[in-house]
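*Asks:* here is the input, now give the coordinates:
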Amino acid sequence: MNGYWFTSSLFQIEPGEDAEINPGCYGRPLAIWLKTQLEHRGYSVEPIINEDWGRCLMCSRDPFMLWVGCGNVADSERSGTAHPERPVVWHCFVVAELPWWKRLLPFSGPDTGRTAV
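*Replies:* Model (predicted):
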């Protein structure tokens, strides 16, 4: 999957954060920060959505879904605790897609490229 991978001391794993989704999956601090940054620039973003891989920022649903995924690169040894010697590698990716039901309609919808950017 395409996207951006980075480390940053700005984002820390929150205790128990992965209990909301899946063990070892994080992204809430990154999603909160990114949502705030987008809103300050005039974009409308729905409340943060928990996904099994991290967090989703839904920016648009029509004429296609435009969303940003925020999560971490899996680290099987992390298990819910921060390890200062191993910084978290965060992952951010953008997706533009037609909902499944719009793909069934007999007209050509907007071209989303159907590729994560």
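*Asks:* from now on I want contacts and neighbour counts done on CA atoms only, so please keep to that.
*Replies:* Fine.
*Asks:* partner residues bridging Ala96?
*Replies:* Leu66 (DSSP bridges).
*Asks:* ok, it touching Phe64?
*Replies:* Yes: using C-alpha atoms under 8 Å, Ala96 is in contact with Phe64, at 6.7 Å.
*Asks:* tell me which of these two has more neighbours.
*Replies:* Neighbour count, other C-alpha atoms under 10 Å: between Ala96 and Phe64, Ala96 has more, with 20 against 16.
*Asks:* ok, the residue nearest to the spatial centre of the chain - contacts?
*Replies:* Centroid-nearest residue in the chain: Gly69, 1.7 Å away (criterion: C-alpha atoms, centre = their mean). Going by C-alpha atoms under 8 Å, 6 or more residues apart in numbering, Gly69 touches Gly54, Arg55, Cys56, Leu57, His91, Cys92, Phe93, Val94, Val95.
*Asks:* 6 Å - rerun?
*Replies:* Arg55, Cys56, Cys92, Phe93 (C-alpha atoms under 6 Å, 6 or more residues apart in numbering).
*Asks:* out of these, which is nearest to Lys35?
*Replies:* Within the contacts of Gly69, distances to Lys35 taken as C-alpha to C-alpha reach their minimum at Cys56, with 9.9 Å.
*Asks:* wait, a strand at that closest one?
*Replies:* Yes: counting by DSSP: H, G, I helix; E, B strand; the rest coil, Cys56 is located in a strand.
*Asks:* does it really touch Ile49, like I thought?
*Replies:* Yes: judged on C-alpha atoms under 6 Å, Cys56 makes contact with Ile49 at a distance of 5.0 Å.
*Asks:* neighbour count for those two, which is higher?
*Replies:* Neighbours per residue (other C-alpha under 10 Å) separate Cys56 from Ile49, with Cys56 holding more: 25 against 13.
*Asks:* okay, strands next: where are they in the chain?
*Replies:* Using DSSP state E, the strands of the chain run over 4-6, 49-51, 54-60, 65-72, 90-97.
*Asks:* next, format these as TSV and append mean pLDDT and distance to Glu14.
*Replies:* Compiled in TSV, those are given as follows (pLDDT from 0 to 100; distance: least, C-alpha to C-alpha, whole Å):
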stretch	mean pLDDT	distance to Glu14
strand 4-6	95	18
strand 49-51	96	14
strand 54-60	96	13
strand 65-72	94	13
strand 90-97	93	14
